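S.K.: sequence and computational prediction follow.
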Amino acid sequence: MTPEINLTRDPAHLRHGSSIGQPLTRTDGVLKVTGKARYAADNHPPGMLYAVIATSCIARGRVKSLDVAAAKRHPGVVDVMTPAHKPELAEDPDAKGNPFAFRMELLQSDEVRYANQAIAVVIAETLEAATEGAALLSPRYQVEIARVGLDAGEPYAPPVVGIGNPAEVVHGEIDAGFAAASKLTDATYETPAQYHNAMEPHAIVAVWDGDKLFLDTPSQGMAIAQGRIGGLLGIPPGNIHINSPFLGGGFGSKGLVSGPQMLGIMAARLVGRPVNLVLRRSQMYGPVGHRASTRQRLRLGADDAGVLTVIDHHARITTSSFDDFYEPAADASHTLYASPAIRTAHEAVRVDTGTPLFMRAPGEATGSIALESAIDEMAFACGIDPLDFRLRNYAEVEPTTGKPFSSKALRQCYARGAERFGWARRPLAPRQMRDENGFLVGWGMGTATFPALMFQGNARAVIRADGSGVMESGAHDMGQGAWTALTQISADALGLDLGEITFRSGTSDLPDAGIAGGSAHTATVGAAIHNAGAAVIARLAELATPDERSPLFGAGNAGVVARQGRLHRRDDETRSESYAEILARAGLAEIDASGTGAADPAAQSHYAMHAHGAVFAEVKVDPELGQIRATRLVGAFAAGRIINPRLVQSQLFGGMIWGLSFALHEEAVMDHRSGRILNANLAEYHVPVNADVPPMDVITVDEHDPHVNALGIKGVGEIGITGSAGAVANAVWHATGIRVRRFPIRIEELVTGLS
Amino acid sequence: MNHSISLTINGVLREVALADPRVTLLDLLRERLDLTGTKKGCDRGQCGACTILVDGRRINSCLALALSHDGAEITTIEGVARGDQLHPVQAAFIAHDGFQCGFCTPGQIMSAIGLIEEGQAGDDPERVRECMSGNLCRCGAYSGITEAVLEAHANMTAAKQRRSA
Ligand code: FES
Ligand code: FES
């Protein structure tokens, strides 16, 4: 079923010795630059039909009628799936089985919970016919008033935030912290709803074969998706084969299978033919998650020496009217700055939108821009340089838990980033610098941090009779470079050169690799691969060392090392035997072993584990028009072992651009009367284009961390946003003297103050 | 009603029967001619993922009706390499890591080839950034994209000079 994926084997990928740490180009590079990488919607099984979702244009109410007959009369339309006409489900899509089962709209009723919700699906011979059919449904609604924005209703205390974090955390004596302060700041920041907008819209090609289901669909977590889909359909998860070799971006929105993907599967069942369903861009503003809007109040206290006495971080966040996901915005204050008293608390308001979900650095990103702004404000109130202020409040241990850090090279990040940027020349007061064209110039900084997480993942290693190796793990490459980085780890795990191994990935019939999220995929799957490799090498050693005919005889299990396809005696490296020779003597065609990667609970209970970084930004502001241009970004990051510096740099660049976007561009604008998103498209929902992005510089600071996992990997997928957003916002203040606390910072907030 | 048009796609003349006048060039390529390298990111001319060359000019193929391009010469990402020999722009995208997920990449590469052909940007990074700004990249691979376009431009110019020397 799954086509063989031919990864690049050019000379850059044929190395001798260790592959980890090498700046290889992407093994999937040739496929991607030639258009041969097959994304979900590129698959066309014979007999495939096209399904198009009709979506609600109201945000709350009921669908009173649909002109199904008109849609069906349209030439090419095969069927129309509605609440009255759809396959039976085995499970209520509104049931909450586990915290990862979010409610979805699968036409279970005529209720409308948010704008852009699916209300019917038209299935036709062509995309054009299905699109037209959906337009012909002409829905009529019973409309209720939509609840919009952070003041839409009574706030309440959520049971948990993020994944099981307490909604309120208190460390130390808050009142005493305020009493001890000689300087106080109290500011409220707002961040808007943001939408992931991966370039690849959610897509699915679904093919049923009896009670077996074959899916081409982008997934950041195939095994979880199998479980969810199987539960809803009442078929064993093992009957579901997911093919997801390439994702056109995910950023969290493809972590869990979404309602529209399920609708594609249901449509295929209904018509008994393969079905393709691809979301239109506008339809991605609703059923596939988003970053919730927040309003965060930060009250800080500091003493005369510029040392924090209290951090009080309160966040109000939105969630949907019908489900619970709580952006853990205030949790950003748990780990970054030392303070004898820290309180973080959340309250939530229900609104008529789709349910918010994980979006690249969920909680960390929203919390970071507020915290870094507040720290900047306090530094200025104390008359201290922002970097100096951060160093005075450097956390030697994790503030809220008192745990030591497993490693923390943040001081080096500050020092190297500041030096590269030229921070020492920064005037303390704002609005002091102009460029040759008279533009106001500002410099700002922010601290970056993201937890070093591990989930659970598995891998299987094989050594074949010819001495070559295979590594298998159903990992997910959403662009971060899993194909490449995990191939590198596999080569080292097997003691082989890159050219001698095959890495198989991207389908659900391979060992479960867990979820690609939380910046934890390389660490988790890397550890699984490392362990699988070690296990298969141990099995080889078991064959050789007890055998008198082997030069390794008597070396014992611990007494050999694997390198370039040979086992060597540790005490006498001249005595060695090739994998092929060992297998030949044993008469085996191949030998295999499995490995698992997971967090070590003992290490986790002893250490706080985080990646860190420092980001420095320069912006220029037109003094008359208020137009803001970011002109320089420097980030220095310490994130444990770097598997592939080239790919890591790209990840960090990407994250920093998201930070820039957070500060200056992205916002879903709500129509308060209708509850609809006014800019549900890529022209008006601004994401940075090439010209918005300044020259960037990334420094990775060496960090050896023996505690996070066997390979010392901390992950780099999300940390780039944190710190960067605040750095840009602080630079805008430094350029203009105007502190904008509502993001993104817009021209209209600057022009009045500037004149 | 059946319409028939002829298109030269990646150097091959093809007669295309179209039963539906609503079909865009993008959907024609992707859904009917099995040329799925060209991507759809928005279907509204807002992202550039569908960029192809029509008679040498870069266009958003989602905004072009197939019927109105009878007789056109079309180049898509599938027609850029010569066998195993990558086009200089493709090679430069790999060398400079000008992509992550790769979904915007066919459009970026076609746009870059068009831009270099137009000669609008030359070796000026600011101009390259501006002229490549019709192609969104949500992964944020812009640094690599800009470097790749500059390097490909330099290599192609040098190769041209060698040929004419
Ligand atoms: S798909 Fe054509 S511009 Fe986006
Ligand atoms: S590489 Fe992912 S959108 Fe550009």
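M.R.: Noted; the coordinates are in hand. Ligands and ions are numbered 1, 2, ... in the order given.

S.K.: quick one: average pLDDT of stretch A:164-182?
M.R.: The pLDDT scores in stretch A:164-182 average 97.

S.K.: okay, that stretch in CSV with CA atoms only?
M.R.: Output for stretch A:164-182, consisting of C-alpha atoms alone and laid out as CSV, is shown next (Å, rounded to 0.1, in the frame of the first residue of the first chain):
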residue,chain,number,x,y,z
GLY,A,164,-3.1,18.6,33.6
ASN,A,165,-1.3,21.6,35.1
PRO,A,166,-2.9,23.2,38.2
ALA,A,167,-4.7,26.3,37.3
GLU,A,168,-3.2,28.2,40.2
VAL,A,169,0.3,27.8,41.7
VAL,A,170,1.5,29.7,44.7
HIS,A,171,5.1,29.7,45.8
GLY,A,172,6.3,31.7,48.8
GLU,A,173,4.4,34.6,50.5
ILE,A,174,2.8,36.8,47.9
ASP,A,175,1.8,39.6,50.3
ALA,A,176,5.3,39.6,51.8
GLY,A,177,6.7,39.9,48.3
PHE,A,178,4.7,43.0,47.6
ALA,A,179,5.5,44.4,51.0
ALA,A,180,9.2,44.0,50.5
ALA,A,181,9.2,45.8,47.1
SER,A,182,10.3,49.3,46.7
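
S.K.: now tell me what touches that stretch from outside.
M.R.: If you take C-beta atoms under 8 Å, 6 or more residues apart in numbering or on different chains as the criterion, stretch A:164-182 is touched by A:99, A:157-161, A:184, A:299, A:301-304, A:309-310, A:312, A:326, A:328, A:331, A:334, A:339-346, A:399-400. Heads up, the C-betas are built off the backbone N, CA and C, glycines and all.

S.K.: same deal with stretch A:572-587?
M.R.: The contact list for stretch A:572-587 (C-beta under 8 Å, 6+ apart) reads A:463-467, A:469, A:540, A:543-544, A:547, A:549-552, A:555, A:561, A:565-569, A:589-591.

S.K.: buried ones among those?
M.R.: Neighbour-count burial within those applies to A:463-464, A:467, A:469, A:540, A:543-544, A:547, A:550-552, A:555, A:561, A:565-569, A:591; the criterion is 16 or more other C-beta atoms under 10 Å in any protein chain shown.

S.K.: got the contact list for residue 114?
M.R.: Since no chain was named, I'll use chain A. Counted by C-beta under 8 Å, 6+ apart, residue A:114 has contacts A:56, A:59, A:60, A:286, A:320, A:321, A:352, A:353, A:354, A:675.

S.K.: wait, I meant chain B there
M.R.: If you count contacts by C-beta under 8 Å, 6+ apart, residue B:114 has them with B:51, B:53, B:56, B:57, B:58.

S.K.: any idea which helix or strand carries it?
M.R.: When secondary structure is defined by DSSP states H and E, residue B:114 falls within helix B:105-118.

S.K.: and the next helix or strand past that helix?
M.R.: From helix B:105-118, the next helix or strand downstream (DSSP H and E) is helix B:125-131.

S.K.: centre of the chain to that following helix, how far?
M.R.: Taking C-alpha atoms, centre = their mean, to the nearest Å, one finds the center of helix B:125-131 at 17 Å from the center of the full chain.

S.K.: does residue 145 count as helix, strand or coil?
M.R.: Because you didn't say which chain, this covers chain A. The three-state label for residue A:145, taken from DSSP: H, G, I helix; E, B strand; the rest coil, comes out as coil.

S.K.: that's the wrong chain, I wanted chain B
M.R.: At residue B:145 the chain is in helix, as set by three-state DSSP.

S.K.: I'd say it and residue A:690 touch.
M.R.: Yes: using C-beta atoms under 8 Å as the test, residue B:145 is close enough to residue A:690 to be in contact (6.5 Å).

S.K.: out of the contacts of stretch A:572-587, list just those in helices.
M.R.: Judged by DSSP state H, helices contain the following of the contacts of stretch A:572-587: A:540, A:543, A:544.

S.K.: quick one, what contacts the first one?
M.R.: With C-beta under 8 Å, 6+ apart as the criterion, the residues that contact residue A:540 are A:463, A:562, A:567, A:579, A:582, A:583, A:591.

S.K.: and the third one, what are its bridge partners?
M.R.: Spelled out, that is residue A:567. Beta bridges link residue A:567 to residue A:562, residue A:577 when assigned by DSSP bridges.

S.K.: now do the contacts for it.
M.R.: When contacts are counted by C-beta under 8 Å, 6+ apart, residue A:567 touches A:495, A:537, A:540, A:541, A:544, A:552, A:560, A:561, A:576, A:577, A:579, A:582.

S.K.: redo these as JSON lines? Include pLDDT.
M.R.: JSON lines is the format used below for those (pLDDT from 0 to 100):
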{"residue": "A:495", "pLDDT": "96"}
{"residue": "A:537", "pLDDT": "96"}
{"residue": "A:540", "pLDDT": "96"}
{"residue": "A:541", "pLDDT": "94"}
{"residue": "A:544", "pLDDT": "94"}
{"residue": "A:552", "pLDDT": "93"}
{"residue": "A:560", "pLDDT": "91"}
{"residue": "A:561", "pLDDT": "92"}
{"residue": "A:576", "pLDDT": "95"}
{"residue": "A:577", "pLDDT": "96"}
{"residue": "A:579", "pLDDT": "98"}
{"residue": "A:582", "pLDDT": "97"}
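
S.K.: restrict those to those near ligand 1?
M.R.: Restricting the contacts of residue A:567 to those touching ligand 1 (C-beta under 6 Å from any ligand atom) yields no residues.

S.K.: contacting residues around residue A:197?
M.R.: By C-beta under 8 Å, 6+ apart, the contact list for residue A:197 reads A:281, A:284, A:682, A:685, A:687, B:138.

S.K.: quickly note the distance from the spatially most central residue of chain B to ligand 2.
M.R.: Taking C-alpha atoms, centre = their mean as the criterion, residue B:110 is the residue nearest the geometric centre of chain B, at 2.2 Å. According to C-beta to the nearest ligand atom, to the nearest Å, residue B:110 and ligand 2 sit 13 Å apart.

S.K.: I'd guessed that residue sits against residue B:58; true?
M.R.: Yes: with contact defined as C-beta under 8 Å, residue B:110 reaches residue B:58; the gap is 6.1 Å.

S.K.: find the residues that touch each one of those two.
M.R.: Looking at what touches both residue B:110 and residue B:58 (by C-beta under 8 Å, 6+ apart), the common residues are B:51, B:52.

S.K.: filter the contacts of stretch A:164-182 by proximity to chain B?
M.R.: Residues of the contacts of stretch A:164-182 in contact with chain B (C-beta under 8 Å from any C-beta of the partner chain): none.

S.K.: out of those residues, which are buried?
M.R.: Judged by neighbour count, with 16+ other C-beta under 10 Å as the criterion, the buried members of the contacts of stretch A:164-182 are A:158, A:161, A:299, A:301-302, A:309-310, A:312, A:326, A:328, A:331, A:334, A:339-346, A:399-400.

S.K.: next step: these restricted to strands.
M.R.: Among the buried ones among the contacts of stretch A:164-182, the ones falling in strands (DSSP state E) are A:161, A:299, A:301, A:302, A:309, A:310, A:312, A:342, A:343, A:344, A:345, A:346.
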